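Asker: missing the sequence, but the structure's below:
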Ligand SMILES: Nc1ncnc2c1ncn2[C@@H]1O[C@H](COP(=O)(O)OP(=O)(O)OP(=O)(O)O)[C@@H](O)[C@H]1O
């Protein structure tokens, strides 16, 4: 098995916006000085006119500060959003490169929850927490540096109160991150459960299991509520710690300044006593000293939630069984370039925009194949067989013998552990898999029908001419006369509106619309169909496979008999019977 360890792109904090935001926090220093100076002037009898100039300067600085903060925040927000887009693209690409047969792949609801919902917590973390952290170091130091030359005791009080805050915040923060992570895991789990049960609602209703499911969902919701409350408790606790220490710090400075101005205390200043302007200046700066720390506390929860969101994305992107040719160590292009296999909807094809080449259908040569699913007995050990160009081969054998697995190995959806698979003479490996998949079409056992018009369900967004090609494909798949399968008809959730046999033929139309494929890998196309529908599907399949190489995993003896040859995987003797 190949697995890839994943590291997500790292956020490069944009320097200028961060600096501008940090500098904006310092604008309060000259503002406070101007205010103190104006009050001192008025007390000394200079009149209100003396306050006009400082007031205008305070206003101008305030506007400047607001503009700087707004610009910095916008720039940070834009950078954070584009970073989140890159993270999402990375996680989605990693998810798309996981083998569809990987049992450990994240459940759909969970993946959707992480990508759409939980990842959003990364933006406030990057936009608010990182600059707040900067500010909480820069601004208090600058304020202490401004206060210390006037009063060493006021500076000392602030310096003693300040470190207690980060210490307590760190203690609280450890719990916050664990609680946020647990909360997000619970949220993802509930989404996955809900999506799964909604998909199976008809089954649950038919078997009278709706109430039991509702009870379980209720229990999960209660558990999520408890986790949400735990996160909120920690958030409130961290705010309370900070407010307590900052209130104490400001109060102590205020008491000192008050008694100093009254003349009761005559120590703590370098000169004789503090003047009114000096005292006022220190008083105005004391709350500003704690302001960045309060801001840091307010965004502390953002940090916990953001890091939990990042961990969720990292888990989504990490490890697992990868498609052959998906790129080890994630050399993944976010947009899914030429090497990206489009897997899903029961049909896997690679992107190909070139015209169908006029070439021979491929020979398939499997030599000394060895494969075992993780922790299981080997399904194939030194297994070899050859399929000639244009040959149609049935893969037979009891349920669980490995027919689907063999098809998946040939499509590179699973990596073989030993041996080689050659398609058209080329060994299937990481380098060749994307190109080889361009000539393959895969029809899985349970083709997914999307909630979309029939035409979109057939083209799947691939570059095919919708009109003619879709009509031709519908015809080839034997759906030409079915009213429910007209290109413009909207299909319901999970293919409601089509019968089981029609849904299978829709999956065949997906293969038919893609002329590049000359190796068809088809998994039990007639399973669960009545004999008449199975005959129609078989007719359509054979029409489609004319001039192409095809392997069909099947339990259907009628279908097998209409193919050129059969390989029985239960006995692993090849070839068993040759019709061609
Ligand atoms: N993704 C997987 N991870 C681990 N084991 C798997 C996985 N898929 C299948 N298996 C196991 O591998 C064995 C072969 O499964 P496979 O689906 O290839 O059999 P099959 O011959 O196609 O069966 P059926 O005819 O019922 O479709 C089974 O024992 C199955 O439990």
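Answerer: Great, that's in hand. Predicted, not measured: the structure shown is a model, and the values here were computed from it.

Asker: So what's the residue count around the closest residue to residue 13 other than its chain neighbours?
Answerer: Among residues not flanking residue 13 along the chain, residue 130 sits closest, at 5.5 Å (Cβ to Cβ, 6 or more residues apart in numbering). The C-beta positions use only the backbone N, C-alpha and C, and glycine is treated the same way. Counted with other Cβ atoms under 10 Å, the neighbours of residue 130 add up to 21.

Asker: what do you get for residue 399?
Answerer: Neighbours of residue 399 (other Cβ under 10 Å): 6.

Asker: who's in contact with it?
Answerer: residue 555 (Cβ atoms under 8 Å, 6 or more residues apart in numbering).

Asker: What is the three-state secondary structure of it?
Answerer: coil (DSSP: H, G, I helix; E, B strand; the rest coil).

Asker: quick one, phi psi at it?
Answerer: Per-residue torsions, residue 399: phi -60, psi 130 (degrees, to the nearest 10).

Asker: And it, what's its pLDDT?
Answerer: Per-residue confidence (pLDDT) for residue 399: 90.

Asker: The one residue in the stretch 451-580 of the chain that gets nearest to the ligand and residue 559, how far apart?
Answerer: At 5.6 Å from the ligand, residue 553 is the closest residue in the stretch 451-580 of the chain, using Cβ to the nearest ligand atom. Counting by Cβ to Cβ, to the nearest Å, the gap between residue 553 and residue 559 amounts to 10 Å.

Asker: Quick check: neighbours shared by these two?
Answerer: Joint contacts of residue 553 and residue 559 (Cβ under 8 Å, 6+ apart) are residue 394.

Asker: Residue 454 touches residue 482, doesn't it?
Answerer: No - taking Cβ atoms under 8 Å as the definition, residue 454 is not a contact partner of residue 482, at 9.6 Å.

Asker: who has more neighbours, those two?
Answerer: A count of neighbours by other Cβ under 10 Å puts residue 454 above the other of residue 454 and residue 482, at 25 against 18.

Asker: and the residue nearest to residue 13, what does it touch?
Answerer: 11, 13, 18, 76 are the contacts of residue 130 under Cβ under 8 Å, 6+ apart.

Asker: of all those residues, which comes closest to residue 38?
Answerer: Compare each of those with residue 38 using Cβ to Cβ and the shortest gap goes to residue 18, at 32.4 Å.

Asker: Please look at the closest one and residue 133 and confirm they touch.
Answerer: No - taking contacts as Cβ under 8 Å, residue 18 lies outside contact range of residue 133: 9.8 Å.

Asker: Pick out the residue nearest the middle of the chain.
Answerer: residue 115 (3.4 Å; Cα atoms, centre = their mean).

Asker: so it touches residue 90, yeah?
Answerer: No - in this structure, residue 115 is not within contact of residue 90 by Cβ under 8 Å, at 10.8 Å.

Asker: contact partners of stretch 49-59?
Answerer: 30-31, 34-35, 37-39, 41-42.

Asker: what residues does the stretch 51-200 of the chain put near the ligand?
Answerer: Residues of the stretch 51-200 of the chain lying close to the ligand (Cβ under 6 Å from any ligand atom) are 101, 103.

Asker: What ranges does the stretch 51-200 of the chain have for its helices?
Answerer: 52-96, 108-112, 122-124, 130-147, 152-199 (DSSP state H, counting those that start in this stretch).

Asker: I'd like those laid out as TSV, including distance to residue 261 and mean pLDDT.
Answerer: Formatted as TSV, the helices of the stretch 51-200 of the chain follow (distance: least, Cβ to Cβ, whole Å; pLDDT from 0 to 100):
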stretch	distance to residue 261	mean pLDDT
helix 52-96	20	91
helix 108-112	62	85
helix 122-124	42	90
helix 130-147	15	84
helix 152-199	12	78
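
Asker: Now distance to residue 387 too, for these, in TSV please.
Answerer: Output for the helices of the stretch 51-200 of the chain, formatted as TSV (distance: least, Cβ to Cβ, whole Å):
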stretch	distance to residue 387
helix 52-96	29
helix 108-112	34
helix 122-124	49
helix 130-147	58
helix 152-199	36
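
Asker: tell me what the helix with the most length in the chain is packed against?
Answerer: Using DSSP state H, we find that the single longest helix of the chain is helix 210-262. Packed against helix 210-262 by the contact rule (3 or more Cβ pairs under 8 Å, 6 or more residues apart in numbering; DSSP states H and E) you find helix 152-199, helix 201-206, helix 276-298, helix 300-317.

Asker: Need the winner for burial among the ones you listed.
Answerer: Of all those, helix 300-317 carries the top mean neighbour count, a mean of 23, counting by mean count of other Cβ atoms under 10 Å.

Asker: That one to helix 130-147, inter-axis angle?
Answerer: Calculated by axes from the mean of the first three to the mean of the last three Cα atoms, to 10 degrees, helix 300-317 forms an angle of 150 degrees with helix 130-147.

Asker: what sits against the residue of the stretch 1-150 of the chain with the smallest separation from the ligand?
Answerer: Residue of the stretch 1-150 of the chain nearest the ligand, by Cβ to the nearest ligand atom: residue 101 (3.9 Å). Remark: with contacts taken as Cβ under 8 Å, 6+ apart, residue 101 is in contact with 321, 404-405, 408, 413-414.

Asker: any low-confidence regions in the stretch 251-400 of the chain?
Answerer: For the stretch 251-400 of the chain, residues meeting the criterion pLDDT under 70 lie at 265, 267-272, 327-358.

Asker: for the ligand, what are the nearby residues on it?
Answerer: 373, 376, 379, 397, 399-400.

Asker: Do a quick rundown of the helices in the stretch 301-450 of the chain.
Answerer: Going by DSSP H, counting those that start in this stretch, the stretch 301-450 of the chain shows helices at 403-410, 433-437.

Asker: any chance of these in a markdown table, with mean neighbour count and mean pLDDT too?
Answerer: As requested, these are exported to a markdown table (neighbours: other Cβ atoms under 10 Å; pLDDT from 0 to 100):
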| stretch | mean neighbour count | mean pLDDT |
| --- | --- | --- |
| helix 403-410 | 23 | 93 |
| helix 433-437 | 24 | 88 |
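
Asker: Distance to the ligand added to those helices, as a markdown table?
Answerer: Below are the helices of the stretch 301-450 of the chain laid out as a markdown table (distance: least, Cβ to the nearest ligand atom, whole Å):
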| stretch | distance to the ligand |
| --- | --- |
| helix 403-410 | 3 |
| helix 433-437 | 19 |
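
Asker: so which of those helices comes closest to residue 245?
Answerer: Here helix 433-437 is closest among the helices of the stretch 301-450 of the chain (Cβ to Cβ), at 59.0 Å.

Asker: what's the pLDDT at the residue lying closest to residue 201 once chain neighbours are set aside?
Answerer: In this structure, residue 201 finds its nearest non-sequential neighbour in residue 210, 7.7 Å apart by Cβ to Cβ, 6+ apart. You'll see residue 210 listed with a pLDDT of 84.

Asker: count of residues packed around residue 210?
Answerer: Residue 210: 13 neighbours (other Cβ under 10 Å).

Asker: For it, give its distance to the ligand.
Answerer: According to Cβ to the nearest ligand atom, to the nearest Å, residue 210 stands 29 Å off from the ligand.

Asker: Do I have it right that that residue meets residue 202?
Answerer: No - if you go by Cβ under 8 Å, residue 210 and residue 202 don't touch, sitting 10.5 Å apart.

Asker: Pull out the buried positions in stretch 383-401.
Answerer: Residues of stretch 383-401 classed as buried by neighbour count (16 or more other Cβ atoms under 10 Å): 383, 385, 387, 389-397, 401.

Asker: would a markdown table of the residues you listed with distance to residue 185 be doable?
Answerer: Shown next, in a markdown table, are the buried residues of stretch 383-401 (distance: Cβ to Cβ, whole Å):
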| residue | distance to residue 185 |
| --- | --- |
| 383 | 41 |
| 385 | 45 |
| 387 | 46 |
| 389 | 51 |
| 390 | 51 |
| 391 | 50 |
| 392 | 48 |
| 393 | 46 |
| 394 | 45 |
| 395 | 40 |
| 396 | 43 |
| 397 | 40 |
| 401 | 37 |
